Each structure stands twice: as structure tokens, then as C-alpha cells.
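K.L.:
Test case, fold it:
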Amino acid sequence: MDYDVIIVGASIAGCTAATQYGRAGLRVALLERHRSPQAHKTLCGHFILGGTHDVLRRLDFWQPMLDRGAAVTTGLGVWTDAGWIVPAADHGVPPAISLRRSKLDPLLREIAAGTPGVDLLMGQKVVGLVENGAVSGVVTDDGTRLHARLVVGADGHHSTVARLAGVPEDVAPNERFLFWAYYEGAEMMGPGDGQLWQLDPDIAVCVQVDDGLTLVGVFPAKERLAEFAEDRLAAFDRFVARLPGGPTLSCARRVSNLVGTTDYPCVRRSPVPRPGLALVGDAATASDPVPAVGCGWAFRSAAWLTDATADTLRDGGDLGRALRRYRRAHRFIDRYDDLGRQDALAKPPNALQRAIRTAAVTDQQIARRLAAFGMRAEAPSVLLNPGVVARALLTRRAARPA
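P.N.:
Residues are numbered from 1 along each chain as shown. You can find the predicted model right below:
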């Protein structure tokens, strides 16, 4: 074997996996089709939920991100038609972090390339797979054949590796579209150090990012596409101006074009589709972007894969068994993705959702659980369990006027 592991795609998931495998003493080929180390993803809100905090700390990524100017969000205020859900100062939910991909992607490549055992190969486009009963390598566009015991597809939701391997896709519709822009000098008016508006069916967000900038994003239902098609920027400005307790932009300066897309379907593939092959990040699960899970899933799935397989690859153990451990860990994402796909249909909130939101306005215990759920810091059962439902219904009933 030329390498122990070949990783295709040198963005969040690929660089995370490469760094961890290299630190475990393995030989890693990290292939990236772009030639420039500064290449980065543009269609990404780069808000990394608090559930990823421990992983970033453990991988020694947190401090380098702060050194590049990343902004930390300790508590989001959530607007609902029942009132603001205000984060308590001592809620105990891990903080989120945000660093634009123009800084994050080069930083992660720098860390990976500086890890002993990792060969960062820029400008290498994969056009084929080497197979011998299992996937055992890749072929690049210049005819180079690389071999390894494990091939990892970390090449995004349009994964070339998955296509070459014939991996089936489970595609679900998304009935919202999305646009955001960056502002200098914006003033947040709502509670917390970031805000989210549940406008049913529309969604909006306002969060701090690096360099003192503010990201303002809107996720309208597709029934409003015609409004945005006529004059995208004017429709965006009108949407933001109507937000209850929304940011003050009158003295702010927009420092970017609108970023976004009118269609972003949810795509899911098996994270272990073939012997010798694993998928991480968007290559495995490209979820609804509204809950901002993408970057976190990329970091976490790559960490779960390396945790499950690094020792086995180093010691020559049973790789199939190790990959099954990764598959079990990945079910955490699958459970949240099931819920995200339902929410992406932009349907009115059901009775349970309304009860929890209403109760969270006055009940700090439910508000904390809702924050842990939103930050993907715990399993969905932190919020969706009979005890929380009963408490929410009682709180809601007690709040009704006589």
C-alpha cells in the first residue's frame, strides 16, 4: 500500500480526518482538486454549533480558530409568536463559534499539511477508484494510482467518490431558500449574542462572525420566490426590516454581495457504503442548512471515523468491524437529519412544537433543553421525551389567562 488512508477533499471533514490519522502515526494522502491552498467553500454559513465544541477542543482546533478572529456565541435569543426565549447566563450549553470559510479552510489545510505523515496533494482530481473486492485506492486525472486500505470521501454533497462507487442517494426536498449578507456596524437589538426568528414558515438569523462582522440571513418559504426574483436585494432588505426586534442596519455597511441559493435539497448516503470506503461530512449527509448543522457534522463525523478506525489501521485489525463502529456513531446525525427533513418542508408547527416554544418563554429548564437540542449538544431525546412534553403542556396551561 502507498498509504494507510486516502482522503478525497481537503476542506473541513477531510482535513480533520487527515490531521487525526496523521497524529495516530498513519500515512495519509489528502487530495484536493483545487490548486490553491486558499480555495474555500462559499455557500456555507460557517456557524459551528455548540455540540461540536468538545471535538474542536480535543482536536486543538478551537484556539487556532480564535487566533484567526473567530467569534463565539454563548446564547441565542429565539423569537416566537409567544415571545422571546431568552438564554440564561448559566444555561450550561456549550458555545458556538463562527469563522468564515475563507479563513477556516486554509487554516485547516495548514494544520493538516503540518502534521507528520500527511501528504497534502493539491490540484489532484479523482477520476476513478481502484477496486479489488473492496475499494483500495483512487486514480487521478494525470493517471496516478494511489493505494490504501481505506478510502475516505470528504468531497461534499456532490461527492465524486460516492458517484464513482455507485452509492445510492436519498434525496428529500427543501421548501425554503436562503440568502445572507455580511454587515459592518450592525447593532443587534434582541436578547443574547445572536438571534433566531421562528416566523412560521420563514426563518431568519443574526450572528456575529470574524473581523467584527455580523451575518444576517433569511430562509423564506419557496412561496416567496417570486418576490425575491424581482429584486433580490430589495426583498432581502424588506424581510430584515420587518423582523421583530431585528438588527439595526441603518448605520451599518453591507460588505458583501448576497450569498445563497433558491434550492438546497437534503441528500443522504450511507457513511459506510462499500468495504474499504467511508464517507464523511456532506458526502454522507447534506442536511437542511436552516439549523446550521453542516460544519459541525463535518468535524464530528470525521472525528468519529478516526476514533473508530485509526488503531485498527495502525495495528492491522478488522477494518470492517471498525467501520461498523463509525456507522453506529453516525446514527446521531441520522436521527437529527430525520427531524431536519421534516422541518425543511416548511409546514406549520405541530401542537408539540408550539407547546415547547411557548413553555420555553417562561420555563428555563425547557429553554435550556431547547438550546441543547438546537446546538446539537445532546441527542434529540434531550427535548423530545414524555417528561419534557408533559412539563411543556402544564407550563402552557398555567400561562393561559383564566
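K.L.:
only C-alpha atoms for contact and neighbour calcs from this point on.
P.N.:
Fine.
K.L.:
Check the gap between the most centrally placed residue in the chain and residue 157 for me.
P.N.:
To find the centre residue of the chain, average its C-alpha atoms and take the closest one (C-alpha atoms, centre = their mean): that gives residue 294, at 1.7 Å. Remark: distance between residue 294 and residue 157 (C-alpha to C-alpha, to the nearest Å) = 10 Å.
K.L.:
Same question for residue 70.
P.N.:
Separation of residue 70 from residue 157 (C-alpha to C-alpha) stands at 25 Å.
K.L.:
Show me what the helix or strand in which residue 107 is found is packed up against.
P.N.:
Following DSSP states H and E, the helix or strand that holds residue 107 is helix 101-113. The elements that helix 101-113 packs onto, with contact taken as 3 or more C-alpha pairs under 8 Å, 6 or more residues apart in numbering; DSSP states H and E, are helix 12-23, helix 62-67, strand 118-122.
K.L.:
Any chance you could give me the very next helix or strand once past the longest one in PDB, C-alpha atoms only?
P.N.:
Translated: helix 12-23. Along the chain past helix 12-23, the next helix or strand (assigned with DSSP H and E) turns out to be strand 28-32. Presented in PDB, the C-alpha positions along strand 28-32 are these (Å, rounded to 0.1, in the frame of the first residue of the first chain):
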ATOM      1  CA  VAL A  28      -2.200   9.800   4.700                       C
ATOM      2  CA  ALA A  29      -2.800  11.100   1.200                       C
ATOM      3  CA  LEU A  30      -5.100  14.200   1.300                       C
ATOM      4  CA  LEU A  31      -6.200  15.000  -2.200                       C
ATOM      5  CA  GLU A  32      -7.800  18.300  -3.200                       C
END
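K.L.:
What's the local residue count around residue 166?
P.N.:
Other residues near residue 166 number 11, with proximity taken as other C-alpha atoms under 10 Å.
K.L.:
just checking, next helix/strand downstream of the longest helix seen in the chain?
P.N.:
Across the chain, the helix with the greatest residue count (assigned by DSSP state H) is helix 319-343. From helix 319-343 onward toward the C-terminus, using DSSP H and E, the following helix or strand is helix 351-362.
K.L.:
For that next one, give me every contacting residue.
P.N.:
For helix 351-362, the surrounding residues in contact (C-alpha atoms under 8 Å, 6 or more residues apart in numbering) are 80, 82-86, 366-367, 370, 389, 392-393, 395-396.
K.L.:
List the buried residues in that helix.
P.N.:
354-362 (16 or more other C-alpha atoms under 10 Å).
K.L.:
Give me the angle between the following helix or strand past it and helix 319-343.
P.N.:
Using DSSP H and E, the helix or strand that follows helix 351-362 in sequence is helix 364-374. Interaxial angle, helix 364-374 versus helix 319-343 (axes from the mean of the first three to the mean of the last three C-alpha atoms, to 10 degrees): 120 degrees.
K.L.:
okay, the angle between helix 364-374 and helix 351-362?
P.N.:
Going by the same axes, to 10 degrees, helix 364-374 is angled at 120 degrees with respect to helix 351-362.
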